[in-house]
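Chemist: predicted model and sequence follow; I will ask about them next.
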Amino acid sequence: MTENRELTMDDYLAMLRRRIRVIVIPALLAPIAGFAVSFAFSPKYTSQSLVLVEEPKVSGTYVKPVQTEDLSSRVATLEQRALSTQNLRPLIEQLGLAPAGAVDGVVDNIRDNVSINAVMATTVGNAQAGKKTALPGFNVTFTSNNPHRAQAICGGVTNVMIRENLIDRTSAAKNNADFLGRQVEEAKHNLDDLDSKLAEFKKRFMGQLPGDEDNNLKILMGMNSQLDANTQTLNRAQQDKSYTESMLAQQLAAWKSSQTSTNPVTLQQQLASLQSQLISLQAHYTEDYPDVVKTKRDIAQVQKKLDEINTAAANPSSVANEKENLSEPPEIRQLRMQIHQYEQLITQATRDQQRLQEQIKVFQGRVALSPAIEEQYKQLTRDYDTAQKFYDDRLANRKQAEMQTAIEQEQQGEQMSVLNPADLPDSPSFPNRWLFAGGGLGAGLGLGLGLALWLEMRDTSLRTESDVQAALELPVLSQVPWVGVEVESKDGNRKRKAKVKSASGEEQKESVEV
């Protein structure tokens with residue numbers, strides 16, 4: 001009748017006292033049964049090895065590590081490679097685990113029974129918090145029904161993983177060095193081509209580069225000033241020459257009117273003057289110069305006249321010699337010299353003017369083409385700077401890769417070493433007989449509690465005042481306590497002797513059948 005009221009702790013304790021034998025007996029028998037069942041399974045042995053990943057002996061500040069993946073990823077990769085048929089076949093043949101035709105089955109068995117786990121430990125900083133962190137290492141375990149076979153296969157798989165790790169690191173370092181070497185050669189070839197193009201561009205557009213624009217403008221302004229000054233000088237020289245020529249013409253007319261043109265002395269003086277003038281002109285000009293040609297022509301004419309006079313003087317029938325001509329006065333010779341100087345000045349100023357005009361055109365063209373040339377120059381220099389930076393980066397990376405290769409060859413980098421070799425198990429890892437006994441204990445205890453609960457739920461006895469109130473739903477007016485001990489009656493029923501008081505207050509004994 002317990003389902004009609006709320007149970008208390010005393011009720012539960014009373015139930016436990018009543019059903020203690022139902023709970024204890026299965027709890028005692030089940031561990032014995034579990035321990036006995038464990039002998040029905042074939043034993044399996046587990047061998048374990050510990051691999052420690054040592055830190056590089058050279059600081060990562062100077063040389064970056066070859067592999068940047070975390071340890072768990074690398075261990076997973078090494079596990080897959082170590083458990084490949086290519087690597088397990090030599091191990092199986094070496095240990096003689098299977099004939100040639102049954103290697104695949106042994107390979108699958110090894111893969112199913114091998115386990116690789118990272119080593120976990122509590123770090124010093126997290127000791128109070130109890131946090132677990134992975135140490136640089138991992139365990140390799142293998143389970144087999146033969147302890148020696150378990151030890152041999154565990155050690156073999158461990159050695160294969162260490163060997164593959166060394167091959168991976170050496171191969172990665174070498175591949176990096178070879179790849180970066182090719183990159184450096186290609187970058188150097190590209191840089192040389194751009195360097196040649198840039199040098200050819202500078203040679204082709206010398207004086208028109210972006211840095212020369214201001215200088216070109218300054219030079220152009222200076223040439224314009226020189227051209228203006230030259231033009232003024234040329235105009236002034238031409239004016240002075242015209243004025244001097246007019247003065248010479250006047251003085252020659254006056255002098256020639258007073259001299260006869262047949263005077264041998266005069267002709268001889270003219271010839272000497274013309275020859276001196278010719279020598280002076282030939283010292284400054286070529287034979288094709290107009291003044292030289294004119295002077296030679298005048299000399300020939302004067303010489304012809306002298307020849308005619310000499311011929312006439314040698315001939316008896318000729319006319320009497322004419323009076324000797326007198327030489328030109330110093331004023332006329334001075335005027336001629338000034339005219340000659342003005343002609344030289346005009347010639348030189350004309351040449352300078354032409355030269356300045358040509359140079360001005362050149363610099364004007366440079367200034368006009370400067371924007372386009374500057375754009376091309378910037379593009380070339382930008383490409384060259386980019387190529388130079390790429391080459392420097394690849395060169396530094398190649399040197400880094402060469403150092404990585406040297407470190408791996410000298411085994412100064414990260415290394416995997418066996419800290420604890422594969423051990424020979426002296427006891428089976430399965431079945432764990434105490435674990436089976438513990439499981440039996442738990443199962444028996446659960447079975448006893450369930451059975452006790454089932455019996456209590458089926459029990460309808462009234463044992464306490466609360467049971468009576470719950471069953472009758474009426475209040476209790478009085479209660480007669482039990483006094484005495486239980487005795488067996490002749491018919492086998494239990495009776496309890498009790499002392500009760502009568503209505504007059506006298507004690508009476510009566511037996512109540514239970």
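Modeler: Structure received.
Chemist: give me the phi and psi angles of Q415.
Modeler: Here is the backbone geometry of Q415 (degrees, to the nearest 10): phi -130, psi 150.
Chemist: pLDDT at it, what is it?
Modeler: With respect to pLDDT, Q415 has a value of 73.
Chemist: read off the pLDDT value for the closest residue to it other than its chain neighbours.
Modeler: With C-beta to C-beta, 6 or more residues apart in numbering as the criterion, Q415 has its nearest non-adjacent residue at 4.7 Å, and that residue is E54. Every residue, glycine included, has its C-beta placed from N, CA and C. As predicted, E54 sits at a pLDDT of 76.
Chemist: kindly report the same for Q341.
Modeler: Residue-level confidence at Q341 comes out at 90, pLDDT.
Chemist: A229 now?
Modeler: A229 is assigned 90 on the pLDDT scale.
Chemist: count of residues packed around it?
Modeler: Around A229 sit 13 other residues, with neighbours defined as other C-beta atoms under 10 Å.
Chemist: right, and the helix or strand after the helix or strand hosting T244?
Modeler: Per DSSP states H and E: T244 is located in helix 213-257. Using DSSP H and E, the helix or strand that directly follows helix 213-257 along the chain is helix 264-284.
Chemist: show the subsequent helix or strand relative to that next one.
Modeler: Counting by DSSP H and E, the element after helix 264-284 in chain order, helix or strand, is helix 290-314.
Chemist: so where is the stretch 251-400 of the chain shaky, pLDDT-wise?
Modeler: By pLDDT under 70, the weakly predicted segments of the stretch 251-400 of the chain are 257-265, 312-327.
Chemist: correct me, but the residue nearest to Q415 touches M416?
Modeler: Yes: counting by C-beta atoms under 8 Å, E54 does reach M416; the two are 7.5 Å apart.
Chemist: looking at those two, which is more packed in?
Modeler: Legend: neighbour count by other C-beta under 10 Å for E54 and M416, higher for M416 (23 against 13).
Chemist: what bridges to the more buried one?
Modeler: Beta-bridge pairing of M416, defined through DSSP bridges, involves V53.
Chemist: what's the answer for S144, then?
Modeler: Beta bridges link S144 to Y45, judged by DSSP bridges.
Chemist: separation between it and A387?
Modeler: Per C-beta to C-beta, to the nearest Å, S144 is found 61 Å from A387.
Chemist: now swap in L198 and tell me
Modeler: Computed with C-beta to C-beta, the distance linking L198 and A387 is 10 Å.
Chemist: and what of K304?
Modeler: From K304 to A387 the distance is 80 Å (C-beta to C-beta).
Chemist: helix/strand/coil for N117?
Modeler: At N117, secondary structure determined by DSSP: H, G, I helix; E, B strand; the rest coil is strand.
Chemist: cool, M206 as well?
Modeler: Assignment for M206 (three-state DSSP): coil.
Chemist: what about the helices in the stretch 1-150 of the chain?
Modeler: Along the stretch 1-150 of the chain, the stretches classed as helices by DSSP state H, counting those that start in this stretch are 9-18, 20-37, 71-82, 85-95, 103-113, 147-204.
Chemist: and for the stretch 351-500 of the chain?
Modeler: Counting by DSSP H, counting those that start in this stretch, the helices of the stretch 351-500 of the chain are 433-458, 465-472.
Chemist: next, the buried residues of the longest one.
Modeler: Residues of helix 433-458 classed as buried under the neighbour-count rule (16 or more other C-beta atoms under 10 Å) are 436-437, 439-441, 443-445, 447-449, 452, 456.
Chemist: cool, stretch 392-412 as well?
Modeler: Applying a neighbour-count criterion of 16+ other C-beta under 10 Å, the buried positions in stretch 392-412 are R394, N397, R398, Q400, A401, M403, Q404, T405, I407, E408.
Chemist: go ahead and measure how far it is from the middle of the chain.
Modeler: Put simply, stretch 392-412 sits 15 Å off its chain's centre (C-alpha atoms, centre = their mean, to the nearest Å).
Chemist: look up how far G155 lies from D423.
Modeler: For D423, the distance to G155 under the criterion C-beta to C-beta works out to 9 Å.
Chemist: TSV for the buried residues of helix 433-458, including pLDDT and distance to S370?
Modeler: Output for the buried residues of helix 433-458, formatted as TSV (pLDDT from 0 to 100; distance: C-beta to C-beta, whole Å):
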residue	pLDDT	distance to S370
F436	73	96
A437	78	99
G439	84	95
G440	81	100
L441	83	99
A443	87	99
G444	82	103
L445	85	101
L447	85	103
G448	82	106
L449	84	102
A452	80	108
E456	76	110
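Chemist: distance of the closest residue to L234 other than its chain neighbours from N146?
Modeler: On the basis of C-beta to C-beta, 6+ apart, the spatially nearest residue to L234 that is not a chain neighbour turns out to be A349, at 3.9 Å. Using C-beta to C-beta, one gets 118 Å for the distance from A349 to N146.
Chemist: comparing the two, which shows the higher neighbour count?
Modeler: Counted by other C-beta under 10 Å, A349 and N146 do not tie: A349 has more neighbours, with 20 against 14.
Chemist: the more buried one belongs to a helix?
Modeler: Yes: using three-state DSSP, the secondary structure at A349 is a helix.
Chemist: is it true that it touches Q232?
Modeler: No: taking contact to mean C-beta under 8 Å, the distance of 9.5 Å between A349 and Q232 leaves them out of contact.
Chemist: Y285: neighbouring residues, count only.
Modeler: Considering only other C-beta under 10 Å, Y285 is surrounded by 16 other residues.
Chemist: contact partners for the closest residue to it other than its chain neighbours?
Modeler: Across the structure, with C-beta to C-beta, 6+ apart as the measure, the residue nearest Y285 apart from its sequence neighbours is V292 (5.6 Å). With contacts taken as C-beta atoms under 8 Å, 6 or more residues apart in numbering, V292 has the following neighbours: L278, L281, Q282, Y285, T286.
Chemist: and stretch 70-79, how far from the chain's centre?
Modeler: Between the mean C-alpha point of stretch 70-79 and the mean C-alpha point of its chain there is a distance of 23 Å (C-alpha atoms, centre = their mean).
Chemist: same check, this time on stretch 213-221
Modeler: On the basis of C-alpha atoms, centre = their mean, stretch 213-221 is displaced by 46 Å from the centre of the chain it belongs to.
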